[in-house]
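Student: Starting from these lines, generate the structure:
(one chain, ligands or ions: 1)
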Amino acid sequence: MRQRNKPWADEYLQENNHIVISDPKSKKGNWSQLFNNNNPIHVEIGSGKGQFILGMAKQYPEINFIGIELAKSIIVSAVQKIEEENLANVFMLNENAIDVREMFADDEISMIYLNFSDPWPKNRHEKRRLTYGRFLEQYQDILGANGEVILKTDNRGLFEYSVVSFSQNGMNINEINVDLHAIQDETNVMTEYEEKFSAKGQPIYRCKAAFEK
Ligand code: SAH
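Tutor: The predicted structure follows:
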């Protein structure tokens, strides 16, 4: 995703620490308290500018959402939107998801969304893919029973790699969809990338996978 240097981003994120939680590791096991209810918690990794997580939060007020986005200059756009909409069921984390297990307790999360994750096509970068085994091991711990990992992407290479990685890491594949937009689905919340790529006529792939728990 395109990044512009935003010198004000640091200060802006600190000012909005009611939305961007600054020390998420200290909240491990206590996210329900922060949301002030016992609703299920869904996590999106690599939220970008937040279109998906905002759309989901509005569509499902009875679900709590946490968006993780590494890039400061990108996460600020998500925070601005959440602030404007005054949504109580979304928090953002400006973190690297490589440490996701340190931020959430076992079984604390009900769903993990990976939307248009960086494909890292070179073999030597395999470990950086968000569906690499080391990431999946962490998702396994934090996901509760019936929890799913839902991947959407336009990238066939990442899609195929991920389906194989899911099954090699003991997950059941619950859905493989190689043209998500072939059938109109009002409940599908589009991400920024999804709008961009589908407008160009590229098929959107989706896979849902779950660990047995
Ligand atoms: N989900 C958005 C953006 C996709 S681009 C959309 O579909 O439109 C992928 C995003 O993931 C980028 O913004 C990148 O900064 C973020 N990202 C990549 N690796 C990450 C990691 N390890 N932890 C958190 N965010 C990450």
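Student: When you work out contacts or count neighbours from here on, use the C-alpha atoms and nothing else.
Tutor: OK.
Student: Find the nearest non-adjacent residue to the residue in the chain that the ligand sits nearest to, please.
Tutor: Nearest residue of the chain to the ligand (C-alpha to the nearest ligand atom) works out as Gly46 at 3.2 Å. Nearest residue to Gly46, sequence neighbours excluded (C-alpha to C-alpha, 6 or more residues apart in numbering): Glu69, at 4.7 Å.
Student: Contacts only, for that neighbour.
Tutor: Ile45, Gly46, Ser47, Gly48, Ile75, Met92, Leu93, Asn94, Glu95, Asn96, Ala97 (C-alpha atoms under 8 Å, 6 or more residues apart in numbering).
Student: and what of Phe65?
Tutor: Ile41, His42, Val43, Glu44, Ile53, Ala57, Asn89, Val90, Phe91.
Student: Any chance you could list what contacts the host helix or strand of the last one?
Tutor: Going back to what we said before, that points to Phe91. Assigned by DSSP states H and E, Phe91 belongs to strand 90-93. Identification of contacts with strand 90-93 by C-alpha under 8 Å, 6+ apart yields 18-22, 24, 53-54, 57, 64-69, 75, 79, 82.
Student: try 6 Å
Tutor: Strand 90-93 has contacts (C-alpha atoms under 6 Å, 6 or more residues apart in numbering) with Ile19, Val20, Ile21, Phe65, Ile66, Gly67, Ile68.
Student: I'd like the residues you listed written out as CSV, with pLDDT, secondary structure and distance to the ligand added.
Tutor: Output for these, formatted as CSV (pLDDT from 0 to 100; DSSP: H, G, I helix; E, B strand; the rest coil; distance: C-alpha to the nearest ligand atom, whole Å):
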residue, pLDDT, secondary structure, distance to the ligand
Ile19, 97, coil, 16
Val20, 97, strand, 14
Ile21, 97, coil, 14
Phe65, 98, strand, 14
Ile66, 98, strand, 12
Gly67, 98, strand, 9
Ile68, 98, strand, 5
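Student: which residues of the protein score low on pLDDT?
Tutor: 1-4 (pLDDT under 70).
Student: quick one: the helices in it?
Tutor: Assigned helices in the chain, in chain order: 9-15, 31-35, 51-59, 72-85, 100-103, 133-142, 156-168, 192-199 (criterion: DSSP state H).
Student: and the protein, which of its residues are near the ligand?
Tutor: Contact residues, the chain versus the ligand (C-alpha under 6 Å from any ligand atom): 1, 45-48, 68-71, 95-98, 115-118, 191-194.
Student: Is there a quick ChimeraX command that grabs whichever of those are buried?
Tutor: Buried members of those, identified by 16 or more other C-alpha atoms under 10 Å, are gathered into one ChimeraX selection as follows:
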select :45,46,47,48,68,69,70,71,95,97,115,116,117,191,192,193,194
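Student: Sitting in strands, which of the residues of the chain next to the ligand do you find?
Tutor: Judged by DSSP state E, the subset of these located in strands is Ile45, Ile68, Asn115.
Student: Grab the nearest non-local neighbour of the last one.
Tutor: Put plainly, it is Asn115. Nearest to Asn115 is Lys152, by C-alpha to C-alpha, 6+ apart, at 4.9 Å.
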